[in-house]
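>>> Show me how the following folds:
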Amino acid sequence: MNSFSRQSGFTLIKVMLLSTMASVVVFTSMKDTLVQERLSGNFQKDLNARLQAEKGVFASADEITHYMTVTNKSATLDDIVNSMPAPSGGDFTDGKFSTTITSSGGDTIEVGSLGSKHGTDAANNMVAIFKFKEAVVEPVFNNPVTGCKGVNLSGSGLVDSYNSKIGDYENSRGDNGDVNTVIGDSDVVLSGHSPIRGDVKASGILYLKGSSPVIGNVQSNTGIDISHGSGVRVQGSALTQGFIIHRGGDITGVVRANGNVEMLWGADILNDINDPLDIQYGGTGKFELATEHSQDGVYYSAAKFNVNPNVEAVRVYDPDSPNHDASTVDECDPLALPGNMPTIMAANNSQENLVVKSNQIFSFRPQQATLEEKIQEQWQQTRSWSPSETDIYLFGVNKQVHDKLNEDSEYVYSMKSLTIGGDGLVNIKPVGKPNVVGGDVIWLIDGDFIMTGNSRLHIAKGTSLTIFVTGKVRLGGSAQVITEEPGITESGLGTFNIFSSYKPESNNNSADNKNGVIVSGTSSLYAVIYAPLTSISMNGSGQFFGTVRGATIEANGGSGIHFDEALKELKLGNAGTVKEPAKLEFMGWRYKHPEEFTDDTDTTSKGE
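The predicted structure is shown next:
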């Protein structure tokens, strides 16, 4: 073999060696590339899983916000944790998430979100922590007397407050007997001889004509007119965006008016709160040259007092304003009752004008009613009556206790009108079954409700009666409504409630037409009276306990009005007027190790 052949064979060996080395390099590079690709894929899956987890957090935050602002504007932290379904979404390939909504106590909400990609290939679990701020809810019943369009108190009874949860009237009396109007330019006239133990707020002019003081602040958007008199007229301060005319007597606090002020002889500002300025006014000042119209030797006409105090306005609801927002809560009718009354009365197909006469006893339990009559000196049952099932929006928060099959429904007794006269007796009784506390009876009256003579309506301990009525309500004569345990029942309802949608005829100005609710009895009465479209006349001599709301309120009898502050906790409809909705404030993230995740994992879980 020559040298050329030997060199050719060596060259082949070198080529094979180089090819082998190149193959090793290529295979090594392919392995590294495969590892890098797998790492990149895993990273991408983990990133997608994390994005899914974040998506779950954002979805939960959006759902909670919607729940607080639309579904349940007065939602509590417990409502969100226990009642709101936790969001979930996605699919196996593109990734999915499941969330839990829990609370670790206090005011924090924890949204846990498990994001996944391709099942168990990648999972990421994170927790977002939010601070929960409860909604600011003003109770539906916040005052003893609310006259939407005006209040005229000319009687001699005391207006004050007490709290039935603490004790009876004598043992829990307070000074929260506030009187107010809520529609623009609605006046309050106090011309009686009874003290008001609370604040008085008028969207129009506030007239103080009586001889007894207001033990609290007086406030008006238009003006305050204090008649001639002596002694304490306002045991507090006088505040107005308009004028003040002070003809006599003492204001123990200070005076603040954006408009003009006039003070006559005998009118004095005591300033017992030791404010640097007795008075401030933005308009003109007219004062008698007397020592009582000066402070530290400086007359009220001096420039230091003639400064606009910018008094805060009494909150006003004005449906006739061009700037009125129809979506806002009606301050006069926060329960939106007249608009919902046709729906409530849809369950009432009765044409019966029910009359309970002397020698008759009608007993109502939530599940059954019976009528007994005295026939030949013997009491005999002559009628049995079962309620019908319906759904009343006001019972969304607190449920009716009725011991019927459908606990989410209301069971009602329907009638065209109801008159209880003579010595007639109507009893409201508890369910009367073991393990059931109390009982709530509901009447739908598509007409008038009248009590006269010596008739009695007896509401047993632990029970309540709620009346929805479209006609007039008259409680007069010696008729009695006896509430064994006034206040709020175990079910959270008022003991005796009257909800009226009556609206006077526009072409009839008679007193009989405009007064949709008349309380003229001689006996004391505990009630929640809600009649936003009609005037309420209270001219009896008996004491009134509870709260009353109407288009206008006229009280000219000798009875006092005593607000039960326990009624602030009465939750009907939306549970109150939401002034500020609940809010979530993001506090930070907390990451957790991925939990075991399989295809059959419950993706709609939520915290207990």
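
>>> So which residues of the stretch 501-608 of the chain form strands?
515-519, 525-538, 544-555, 561-564, 577-580, 583-592 (DSSP state E, counting those that start in this stretch).

>>> residues making contact with the first one?
In other words, strand 515-519. The contact list for strand 515-519 (Cβ atoms under 8 Å, 6 or more residues apart in numbering) reads 472-476, 498, 500, 502-504, 525, 529, 531, 533-540, 544, 550, 554. For every residue, glycine as well, the C-beta is placed using N, CA and C.

>>> mean confidence for stretch 572-583?
Confidence for stretch 572-583, expressed as mean pLDDT, is 66.

>>> Next, count neighbours for residue 110.
Around residue 110 there are 17 other residues, counting by other Cβ atoms under 10 Å.

>>> C-terminal to the helix or strand harbouring residue 62, what's the next element?
Here residue 62, judged by DSSP states H and E, is contained in helix 3-66. Counting by DSSP H and E, the element after helix 3-66 in chain order, helix or strand, is helix 77-83.

>>> same question for the helix holding residue 62, mean pLDDT?
Averaging pLDDT along helix 3-66 gives 69.

>>> Tell me the bridge partners for residue 295.
The bridge-partner assignment for residue 295, based on DSSP bridges, gives residue 298.

>>> for it, what are its contacts?
So residue 295 contacts 271, 277, 278, 279, 305 (Cβ under 8 Å, 6+ apart).

>>> okay, those in CSV with distance to residue 140, neighbour count and secondary structure next?
Listed next are the contacts of residue 295 as CSV, based on distance: Cβ to Cβ, whole Å; neighbours: other Cβ atoms under 10 Å; DSSP: H, G, I helix; E, B strand; the rest coil:
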residue, distance to residue 140, neighbour count, secondary structure
271, 37, 18, coil
277, 38, 17, coil
278, 38, 21, coil
279, 37, 26, strand
305, 41, 20, coil
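
>>> biggest separation within these, which pair?
Taking Cβ to Cβ, the two most distant members of the contacts of residue 295 are 271 and 305; they sit 12.0 Å apart.

>>> can you list residues touching both of those two?
Going by Cβ under 8 Å, 6+ apart, residues that sit against residue 271 and also against residue 305 are 278, 295.

>>> what helix or strand does residue 302 sit in?
Per DSSP H and E, there is no helix or strand for residue 302.

>>> oh, and call the first residue 310 from now on, that's how I've got it
Got it, the first residue is 310 from now on, which makes the last one we talked about residue 611.

>>> what's around it, how many residues?
Applying other Cβ under 10 Å, we find 11 residues neighbouring residue 611.

>>> still on that earlier bit, can you tell me which of the contacts of residue 604 lies closest to residue 406?
Nearest to residue 406 among the contacts of residue 604, with distances taken as Cβ to Cβ, is residue 586, at 61.7 Å.

>>> Name the nearest residue to that closest one, ignoring sequence neighbours.
Spatial nearest neighbour of residue 586, chain neighbours left out: residue 614 (6.2 Å); criterion: Cβ to Cβ, 6 or more residues apart in numbering.

>>> Mind listing the strands the helix or strand harbouring residue 436 pairs with, and their directions?
Take DSSP H and E as the rule and residue 436 turns out to sit in strand 431-442. Counting by DSSP bridges, the strands paired with strand 431-442 are strand 417-426 (antiparallel), strand 892-901 (antiparallel).

>>> Show me which positions of the last one end up buried.
So that's strand 892-901. residue 893 (16 or more other Cβ atoms under 10 Å).

>>> Can I get that strand in CSV, CA atoms only?
Included here for strand 892-901 are C-alpha records, laid out as CSV according to Å, rounded to 0.1, in the frame of the first residue of the first chain:
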residue,chain,number,x,y,z
LYS,A,892,-65.9,50.1,50.7
LEU,A,893,-62.9,47.9,50.2
GLU,A,894,-59.4,49.1,50.7
PHE,A,895,-56.6,47.0,49.3
MET,A,896,-54.0,46.3,52.0
GLY,A,897,-51.5,43.9,50.3
TRP,A,898,-50.7,40.4,49.0
ARG,A,899,-49.8,37.2,50.7
TYR,A,900,-48.6,34.2,48.7
LYS,A,901,-49.0,30.6,49.6
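
>>> Other residues contacting that strand?
For strand 892-901, the external contacting residues (Cβ under 8 Å, 6+ apart) are 370, 373-374, 377, 417-419, 421, 434-442.

>>> distance between that strand and the chain's centre?
For strand 892-901, the separation from the chain centroid amounts to 29 Å (computed by Cα atoms, centre = their mean, to the nearest Å).

>>> what do you get for the first one?
How far strand 417-426 lies from its chain's middle: 32 Å, per Cα atoms, centre = their mean.

>>> Just the buried positions in that strand, please.
For strand 417-426, by 16+ other Cβ under 10 Å, it's 418, 419, 420, 421, 422, 423, 424, 425, 426.

>>> Dump the residues you listed to TSV, plus pLDDT and distance to residue 562.
What follows is these, written out as TSV (pLDDT from 0 to 100; distance: Cβ to Cβ, whole Å):
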residue	pLDDT	distance to residue 562
418	83	43
419	84	48
420	84	49
421	81	54
422	80	55
423	80	60
424	77	61
425	76	66
426	71	68
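
>>> Right, I'll leave it there.
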